[in-house]
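Asker: When you get a sec, could you give me coordinates for this:
(one chain, ligands or ions: 1)
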Amino acid sequence: MPLLTLHDIGVTRRSNTILEAITLSLTAGEIVTVVGPNGSGKTTLLRVIIGALTPTHGEIRRRPGMTIGYVPQRLHIDPTLPMTVARFMALPRRRHIDALHRALEQAGAAGQIDRQMATLSGGQFQRVLLARALLGQPDLLILDEASQGLDHRATAAFYRQIDRVRRELGCSVLMVSHELHVVMQASDRVICLNGHICCQGRPETVASSPAYRDLLGGDERDAVAFYRHDHALAVASP
Ligand SMILES: Nc1ncnc2c1ncn2[C@@H]1O[C@H](COP(=O)(O)OP(=O)(O)OP(=O)(O)O)[C@@H](O)[C@H]1O
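Answerer: Below is the predicted model:
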């Protein structure tokens, strides 16, 4: 049974159609990336899947007992507020210290537990958010532009960590990203969204599809080509 199935989902707000005819399913252990231009409904789709938004139309089925971990687009914490990583991770629910250590380790942030949130680098901060999402050992990990603001190297490292998490936990991953050059390589399947699903399939299939090219243009194609080159170098280096 798939982890999650969406059938003919539509979302309309104030007579605007934000999403229409979205039919898709996620199977256990796969990494799926949603790409699309600004305003194409990516965040709305994630909100429907999480259950934060009721669709106007269609049906969503979740495997019974399925749990979701969510890594938000960005999170602002007042830098003058004293807040350790441990305290942040235990909000809003107290967690056993062993669970905190385990989640931080899974997220590649071992040893950060006593740091102040305000002193973390962008990459470390995102890993703490990831660790927080992993606390419940989710079946589905959802990331909304989770590497926004990270440089190229930190972004690539972050997605490698996501792949490790997927392998260790066996969870599915659904993410929205603009870093196509990285996520294309890190995904099993890419869904190209513009209110409806324009195309979907393996990353290389989507990258060469006319619908994807029309929607996301030449810059992204260059980015994909660039990443492939970069990836080849990364594999060759020790
Ligand atoms: N509650 C709402 N009421 C009315 N319109 C909304 C609402 N939420 C989202 N929208 C509109 O729906 C469209 C899709 O928004 P959404 O945030 O899902 O797109 P997105 O693909 O995630 O965009 P971005 O890449 O800029 O983050 C936008 O035009 C937005 O203004």
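Asker: CA atoms for contacts and neighbours, from now on please.
Answerer: OK.
Asker: Gln137 - nearest residue in space that isn't next to it in sequence?
Answerer: Leu169 (7.2 Å; C-alpha to C-alpha, 6 or more residues apart in numbering).
Asker: That neighbour and Gly136 touch, don't they?
Answerer: No - assessed by C-alpha atoms under 8 Å, Leu169 is found out of contact with Gly136, at 11.0 Å.
Asker: Ala103 against Leu135, yeah?
Answerer: Yes - counting by C-alpha under 8 Å, Ala103 does reach Leu135; the two are 5.6 Å apart.
Asker: So between those two, which is more surrounded?
Answerer: Ala103 (25 against 19; other C-alpha atoms under 10 Å).
Asker: Quickly note the distance from that one to Leu143.
Answerer: Ala103 sits 16 Å away from Leu143, going by C-alpha to C-alpha, to the nearest Å.
Asker: Flag every buried residue along stretch 193-201.
Answerer: Buried residues in stretch 193-201, counted by 16 or more other C-alpha atoms under 10 Å: Leu193, Asn194, Gly195, His196, Ile197, Cys198, Cys199, Gln200.
Asker: Repeat that for stretch 136-153.
Answerer: Buried residues in stretch 136-153 (16+ other C-alpha under 10 Å): Gln137, Pro138, Asp139, Leu140, Leu141, Ile142, Leu143, Asp144, Glu145, Ala146, Ser147, Gln148.
Asker: in a strand, that's where the last one is, yeah?
Answerer: No - when DSSP: H, G, I helix; E, B strand; the rest coil is applied, Gln148 is found to be coil, with no strand at that position.
Asker: Next up, the contacts around it.
Answerer: Gln148 sits next to Gln73, Arg74 when contact means C-alpha atoms under 8 Å, 6 or more residues apart in numbering.
Asker: What separation is there between it and the ligand?
Answerer: Gln148 is 11 Å from the ligand, where distance means C-alpha to the nearest ligand atom, to the nearest Å.
Asker: who's in contact with Tyr70?
Answerer: Leu130, Ala133, Leu141, Ile142, Leu143.
Asker: Regarding the last one, what is its secondary structure?
Answerer: The three-state label for Leu143, taken from three-state DSSP, comes out as strand.
Asker: With Gln200 instead?
Answerer: strand.
Asker: Look up the residues forming beta bridges with it.
Answerer: Note on Gln200: beta-bridge partners Ile191, judged by DSSP bridges.
Asker: That one reaches Cys192, doesn't it?
Answerer: Yes - between Gln200 and Cys192 there is a contact under C-alpha under 8 Å: 5.9 Å.
Asker: what sits in contact with each of those two?
Answerer: Common neighbours of Gln200 and Cys192 (C-alpha under 8 Å, 6+ apart) are Val206.
Asker: And for Thr67, the neighbour number?
Answerer: 16.
Asker: Hmm, I typed the wrong one, I wanted Pro79.
Answerer: 11.
Asker: pLDDT weak spots in the protein?
Answerer: The chain contains residues with pLDDT under 70 at 179, 181, 217-238.
Asker: Strands of that one, residue ranges please.
Answerer: Per DSSP state E, the chain carries strands over the ranges 4-13, 16-26, 31-35, 57-62, 68-71, 140-144, 172-176, 189-194, 196-201.
Asker: closest one to Gln124 among the ones you listed?
Answerer: strand 68-71 (13.5 Å; C-alpha to C-alpha).
Asker: Am I right that Pro37 is in contact with Tyr212?
Answerer: No - between Pro37 and Tyr212 there is no contact under C-alpha under 8 Å: 10.2 Å.
Asker: quick one: the residue nearest to Gln137 from Val85, how far?
Answerer: From Leu169 to Val85 the distance is 22 Å (C-alpha to C-alpha).
Asker: Sweet, I'm off.
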